[in-house]
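Colleague: attaching a predicted model along with its sequence, questions to come.
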Amino acid sequence: MSKSGLFKSSVGRKFAMALSALFLMIFLLQHLVINITAVFSPDTFNELSHFMGTNPAVQFLAQPILIFAVVFHFVMGMYLETQNRAARPVSYKNYKGGANSSWMSRNMAISGLVILAFLVLHFIDFWFPEINTKYIVGDMSGMHNGEYRYYEELLHKFANPARVIAYVVAFGLLALHLLHGFGSAFQSMGQNNKYIDGLKKFGVFYSIAVPLGFILIAISLYVTTLN
Amino acid sequence: MNLTLKIWRQKNADDKGQMVEYPISDISPDMSFLEMLDVLNEGLVAKDEAPVAFDHDCREGICGMCSLHINGEPHGPDRGVTTCQLHMRSFKDGDTIYIEPFRAKAFPIIKDLVVDRSAFDRIQHAGGYVSVNTSGNTQDANSLPVPKADADMAFDAATCIGCGACVAACKNSSAMLFTSAKVSQYALLPQGKIEASNRVQNMVAQMDAEGFGNCSNTGACEAECPKGISLENIARMNRELIKAKSAVKH
Ligand code: HEM
Ligand code: SF4
Ligand code: FES
C-alpha cells in the first residue's frame, strides 16, 4: 500500500526543498566570491564576468540549473505554505509563537517573498540586459569603447542610493531566511548526527557573513561612485 | 486568586463557536488547572448553565487525554508538563487566562474544548506496531541484544503519550513529532527493523492523508512537548523515509 514516489510525501517535498536550497547556498557563495573582486580589482571582476557570461558550460548548463532551482524553490515553498495554512482553518485568539520558536522559522514565506521581489529587480537590472546584449543584439564581445563594459555598468547601477537601500533590505531578509534555513535544510535531509552542532555554527556564520558581504559590496560601489 | 477566564465555547462540530468570558474567584494557587475548571463548572451547573466540556482522564500526566491551549501555548506556560500537571501557582492574581481547544483541521472540535484526536490512532494503526505472528516459535525478546544507547533512545521516543500538543503548537499543525516518535520507537530496535521500510512509508502517508501540515523545523513541538520528545526523531523519520522511498524495488 501507498508505495508512491518520494516527492508525493510531505517529507519528500521538504527533502527536495532542502536540496534546492543547498544548491542555492553554494551558488550564493560563488556569486559573492566573484562580486568581491569588483571592490578590490575591477580588472579581475571584468575578466571573471566575461568568462561567466560567455562560457558555454556556465551559460547553457549551470545557468538553466540555477534558474530551475530558484523557480522550484519558490513554487514548492509557496505550495508548502498554502498546505500549512490550510491545516489550521480556524486560528487561535491567543497564539504565543515567540514562546517556542524563532521569528525566522515562522516567517520563511515572508523573508522568501522579499528575496523574490529582490530577484525580480536583480533580473531587470542585470540579467535581462545581459541576455539582450549577448543573444538578441548578438554582441558577445563584452566590450564598450574598447574596454570591458561589466565594471562600468555595475558602478552605474550602484550610483543610485535607492538601489543600495533595496540591496541592504533584501540581503537583511536573506540573512534571516538563512539563519533558520541553513540548519533546517540538514534536518529536512535527516542529517541530525554528531556533526550537526558544528554545521549549525558554520550555518550561523554563513548566514551572516554572506549577506553582509553583498551589502558591503553594494555600499562600497556606491561610495566609489561618489568620488 | 481572582481570575478572568476567556474560554472557547462551541455547542457541537457544526456550531460556529466563540470566546466567552467567565470571572472566577477564590482560586487556591495549590489547585491544578483542571481543578480550577472543575470549580468553574460546579458554578455553571449551579446556575443551570452548560458546563465547559474538556478532556481528561488520569490527571497525573501519563494518559495524554488532557489538552487545552492556555494563554497561547498547549498545556500552558510551564515546560515538560501536561495541563493536568499545571498548577494555578503558575498564574498571578488578576490574570486573564485564554483557554482554547487544540486547533488543527485534522483535530475537529467535538464540543467546547474537546477535540477529536483519532487521526493519531489512524497513524498508529498504519504501522505503529510489530507484527507478531502466532507461529508458536517467536523468539524470546531477551535473546536479542540491543545496544544501551539505542534502547535509551527507543524508550525516550516511546514516552510520547499522544496528547497532540506538538500539533497544537506548530504553526503548520504538523504531526511530525508524534509520528516520528512512533516510527523511532520501533526503528531503533531489532524487532522493529524488519518492517521499518513499510512502517515509515505507511505512517507518513496516513499522516499526510489526515490533513496535518508539513514540517518547517521551527522546533515549537519539541519546546511544548510535555514528554520532551526530541527533534532528532523527526530527522530519523526523514532519513528512514528517504531511504525507504529511494531503495530499488524488486
Ligand atoms: C525565490 C525566493 C525564495 C522564496 C519564495 C523562498 C521560500 C522559502 C520557504 C517558504 C521556505 C520554507 C519551507 C518550509 O518551511 O516548509 C524556504 C526554506 C529555505 N530556503 Fe528559501 N526561498 C527563497 C529563496 C531562497 C534563497 C535564495 C536561498 C539560499 C541562498 C534559500 C534558502 C532556503 C533554505 C536553506 C531553506 C530551508 C530548507 C528546509 O527547511 O529544508 N531560499 N524558502
Ligand atoms: S510528541 Fe509530545 S506533544 Fe506530541 S503527542 Fe507525543 S507527547 Fe504529545
Ligand atoms: S489527564 Fe492524563 S495526561 Fe493529563
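Modeller: Happy to help now that I have it. Residues are numbered from 1 along each chain as shown, chains lettered A, B, ... in the order given. Ligands and ions are numbered 1, 2, ... in the order given.

Colleague: how many other residues sit next to the closest residue to ligand 3 within chain A?
Modeller: Residue of chain A nearest ligand 3, by C-beta to the nearest ligand atom: residue A:100 (19.4 Å). C-beta coordinates here come from the backbone N, C-alpha and C atoms, glycine included. Residues lying near residue A:100 (other C-beta atoms under 10 Å in any protein chain shown) number 23.

Colleague: which outside residues touch the worst-scoring helix or strand of chain B on mean pLDDT?
Modeller: Using mean pLDDT, DSSP states H and E, the weakest-scoring helix or strand in chain B turns out to be helix B:190-193, at a mean of 90. With contacts defined as C-beta atoms under 8 Å, 6 or more residues apart in numbering or on different chains, helix B:190-193 is touched by B:130, B:141, B:144, B:146, B:185-187, B:199.

Colleague: which among those residues gets closest to ligand 2?
Modeller: For these, the nearest to ligand 2 is residue B:185 (10.8 Å; C-beta to the nearest ligand atom).

Colleague: is the helix or strand that contains that closest one up against ligand 2 anywhere?
Modeller: Residue B:185 belongs to helix B:176-187 when assigned by DSSP states H and E. Yes: applying C-beta under 6 Å from any ligand atom, one finds helix B:176-187 touching ligand 2 at B:177-178, B:181.

Colleague: top of these by number of neighbours, please.
Modeller: residue B:178 (30 neighbours).

Colleague: list the contacts for that one?
Modeller: Here residue B:178 is in contact with B:120, B:123, B:160, B:162, B:164, B:166-167, B:229 (C-beta under 8 Å, 6+ apart).

Colleague: what's the most distant pair in these?
Modeller: Greatest spacing in those, by C-beta to C-beta: B:123 and B:229 (14.6 Å).

Colleague: the residue of chain A closest to ligand 3 contacts residue B:170, correct?
Modeller: No: Residue A:100 lies out of contact with residue B:170 (C-beta atoms under 8 Å); the separation is 9.2 Å.

Colleague: now for those two: what residues contact both?
Modeller: With C-beta under 8 Å, 6+ apart, residue A:100 and residue B:170 have common neighbours B:218, B:220.

Colleague: show the pLDDT at the residue in chain A positioned nearest to ligand 2.
Modeller: Using C-beta to the nearest ligand atom, residue A:100 is the residue of chain A that sits closest to ligand 2, at 11.3 Å. pLDDT, residue A:100: 97.

Colleague: need the phi and psi values for it.
Modeller: phi -130, psi 0 (degrees, to the nearest 10).

Colleague: what's the distance between it and ligand 1?
Modeller: 16 Å (C-beta to the nearest ligand atom, to the nearest Å).

Colleague: again, but for residue B:121
Modeller: From residue B:121 over to ligand 1 (counting by C-beta to the nearest ligand atom), the distance is 26 Å.

Colleague: got a pLDDT number for that residue?
Modeller: Value for residue B:121, per-residue pLDDT: 98.

Colleague: quick check, it in a strand?
Modeller: No: under DSSP: H, G, I helix; E, B strand; the rest coil, residue B:121 falls outside any strand and is assigned helix.

Colleague: for it, grab the count of nearby residues.
Modeller: 12.

Colleague: separation between it and residue B:128?
Modeller: As judged by C-beta to C-beta, to the nearest Å, residue B:121 and residue B:128 stand 9 Å apart.

Colleague: one more: residue A:92?
Modeller: 29 Å.

Colleague: comparing those two, which residue is more hemmed in?
Modeller: Between residue A:92 and residue B:128, counted using other C-beta under 10 Å, residue B:128 has the larger neighbour count: 22 against 18.

Colleague: which ones are touching the more buried one?
Modeller: The contact partners of residue B:128, taken as C-beta under 8 Å, 6+ apart, are B:182-183, B:186, B:199, B:203.

Colleague: low-confidence ranges in chain B?
Modeller: B:134, B:248-250 (pLDDT under 70).

Colleague: make that chain A, sorry
Modeller: For chain A (pLDDT under 70), the answer is A:1-4.

Colleague: can you list the residues of it near ligand 1?
Modeller: Checking chain A against ligand 1 by C-beta under 6 Å from any ligand atom, the hits are A:14, A:17-18, A:21, A:24-25, A:28, A:70, A:73-74, A:77, A:80-81, A:108-109, A:112-113, A:115-116, A:119, A:177, A:181-182, A:184-185, A:188.

Colleague: re earlier: between the residues of helix B:176-187 next to ligand 2, which sits nearest chain A?
Modeller: Relative to chain A, the closest of these is residue B:177; by C-beta to the nearest C-beta it sits at 11.9 Å.

Colleague: how about the contacts made by that closest one?
Modeller: Counted by C-beta under 8 Å, 6+ apart, residue B:177 has contacts B:160, B:166, B:221-222, B:225, B:229, B:231, B:233-234.

Colleague: so which of those residues sit within helices?
Modeller: When these are checked against helices (DSSP state H), the matches are B:166, B:221-222, B:233-234.

Colleague: okay, buried residues for the least confident helix or strand of chain B please.
Modeller: residue B:192 (16 or more other C-beta atoms under 10 Å in any protein chain shown).

Colleague: just to revisit the earlier point, using CSV, write out every CA atom in the helix holding residue B:185.
Modeller: Provided in CSV are the C-alpha atoms of helix B:176-187 (Å, rounded to 0.1, in the frame of the first residue of the first chain):
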residue,chain,number,x,y,z
MET,B,176,5.8,15.1,12.6
LEU,B,177,6.9,15.0,16.2
PHE,B,178,4.2,12.5,17.2
THR,B,179,4.6,10.3,14.1
SER,B,180,8.4,10.4,14.3
ALA,B,181,8.3,9.3,17.9
LYS,B,182,6.2,6.3,17.0
VAL,B,183,8.4,5.5,14.0
SER,B,184,11.6,5.8,16.1
GLN,B,185,10.5,3.7,19.0
TYR,B,186,10.4,0.7,16.6
ALA,B,187,13.1,1.7,14.1
